[in-house]
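K.L.:
Show me how the following folds:
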Amino acid sequence: MRTLQDVIDRLEIQQLPVSYANAIDGAHWDALDEVFTPDAYIDYRVFGGPDGRYPEIKKFLQKSLPTFPHYMHMVGNIAVNITGDTASGRTACFNPMVCKLADGTQQIMYVMLWYKDKYVRTPRGWRFTERVEERCCVDNAPVGLPTSSD
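P.N.:
Model (predicted):
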């Protein structure tokens, strides 16, 4: 039987992927400080991005995402396994992104992925300690746009 604390922990952890998506989609970069630990490891290499610690990845997001005129992250199927003050999980993400083409037109690229996550309870609540993208598929990517590390 679950305790009230189990339910509270699960709800707080399940909110983290939503808060991440809302911060990214709203370009509220400092809001990411409330979802990651300062030393969190983030890996975007599967789609051609970098991997590293949170401060470097935050700078990467601030610089790279404005090159896309529009984008959104729809997250769901959030699975969480909690063990005391740590947890792991997997979240599905559908991420359409508008890409500017060389001829001035735009094209929507569809990215589908899973996030493999690790979490820790901190004095300020649950936070990501690790977020690794796992590729599902990419559709309608513009020619020449890196969509994998291959």
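
K.L.:
Could you give the number of residues near Ile13?
P.N.:
A count of nearby residues for Ile13, using other Cβ atoms under 10 Å, gives 23. Every C-beta, even on glycine, is put in place using the N, C-alpha and C of the backbone.

K.L.:
after the host helix or strand of it, next one along is what?
P.N.:
For Ile13, the host element (DSSP states H and E) is helix 4-25. The element immediately downstream of helix 4-25 (helix or strand, assigned by DSSP H and E) is strand 36-43.

K.L.:
so what strands line up beside that following strand?
P.N.:
strand 51-53 (antiparallel), strand 125-139 (parallel) (DSSP bridges).

K.L.:
Dump these into JSON lines; add distance to Gly26 as well.
P.N.:
Formatted as JSON lines, the strands paired with strand 36-43 follow (distance: least, Cβ to Cβ, whole Å):
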{"stretch": "strand 51-53", "distance to Gly26": "23"}
{"stretch": "strand 125-139", "distance to Gly26": "18"}
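
K.L.:
which one of those lies closest to Val75?
P.N.:
Smallest distance to Val75 across these (Cβ to Cβ): 11.8 Å, for strand 125-139.

K.L.:
For Gln106, which non-adjacent residue is spatially closest?
P.N.:
Val98 (5.2 Å; Cβ to Cβ, 6 or more residues apart in numbering).
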